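Student: Here is my input; please provide its structure:
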Amino acid sequence: MPNPHVKLIGYAPSRAMRTLWMLTELGIPYEHDPIAAAAPELKAPPYTDWNPSGRVPIVIVDGFPIWESLAINLYLDRKFPSAISLVTLEEQAQGMQWALWVMSDVEMNTFDWYLNSIGKPEAERDAALAAKAWEKLQKPLGVLEASLANGHLVGNRFTVADLNTAAVMYRARWMPLDHWPRVKAWLDRCWSREGGLAARRARGEQV
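Tutor: Numbering: from 1, shown residues only. As a prediction, this is how the structure comes out:
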């Protein structure tokens with residue numbers, strides 16, 4: 001059987017980083033179109049044929065396009081079974097659970113905190129917005145801390161559930177997480193994996 005043709009569309013300083021990490025973990029060859037998220041070409045065919053929203057990332061596997069980074073990773077997990085796969089139906093359900101949770105409860109507040117604490121030039125930061133985002137993160141961080149008693153989110157091993165959740169929490173690596181030592185240690189472990197390091201290098205980090 002010939003090897004599948006896999007194409008990743010989207011540049012690393014975007015949510016495409018999450019899928020770049022996943023593809024590195026899987027160890028499968030892929031073609032990469034590093035188009036920027038703001039490129040006008042995304043709003044026209046062929047890109048809108050693959051994603052009518054005109055956004056990245058997009059992955060195409062043997063002609064099948066899929067978009068939304070965490071859905072892409074869960075699809076790749078089923079398509080290409082590996083050591084990080086969610087095996088049982090229950091594990092797959094937990095993987096979807098954590099993907100939905102981190103997007104709804106964590107992502108935007110992490111982004112707002114980062115931009116207004118570190119990311120923007122100091123004169124452009126909104127301290128009140130950073131403080132509000134930090135307050136909203138207290139409960140989710142507590143939930144995650146309690147869920148990491150055995151060091152992982154699903155089972156007793158690193159899976160795509162850890163990858164997706166840690167990938168969305170990329171900017172949380174700069175947060176003061178001493179009150180949540182399990183979260184801090186888990187983020188460090190996840191992002192120190194070769195796939196995480198590859199994604200960080202692709203974003204321009206010196207690691």
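Student: Every contact and neighbour count from this point should use C-alpha atoms.
Tutor: Will do.
Student: what residues go with each domain of this structure?
Tutor: Residue ranges for the domains of the chain, per automatic domain parsing: 6-79, 89-202.
Student: So what would you say the end-to-end distance of the longest one is?
Tutor: Across its full length, domain 89-202 reaches 33 Å between end residues, using CA to CA, to the nearest Å.
Student: just to revisit the earlier point, need the domains of the chain in CSV (columns: mean neighbour count).
Tutor: Formatted as CSV, the domains of the chain follow (neighbours: other CA atoms under 10 Å):
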stretch, mean neighbour count
domain 6-79, 18
domain 89-202, 17
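Student: With mean pLDDT added, can I get these in TSV?
Tutor: Below are the domains of the chain laid out as TSV (pLDDT from 0 to 100):
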stretch	mean pLDDT
domain 6-79	97
domain 89-202	97
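Student: outside of the longest helix that the chain contains, which residues touch it?
Tutor: Determined from DSSP state H, the single longest helix within the chain is helix 127-147. With contacts defined as CA atoms under 8 Å, 6 or more residues apart in numbering, helix 127-147 is touched by 105-106, 109-110, 112-117, 153, 180-183.
Student: Need the max-distance pair from those.
Tutor: Taking CA to CA, the two most distant members of those are N116 and L153; they sit 29.0 Å apart.
Student: Nearest residue to S117 in space, please, no chain neighbours.
Tutor: A130 (6.3 Å; CA to CA, 6 or more residues apart in numbering).
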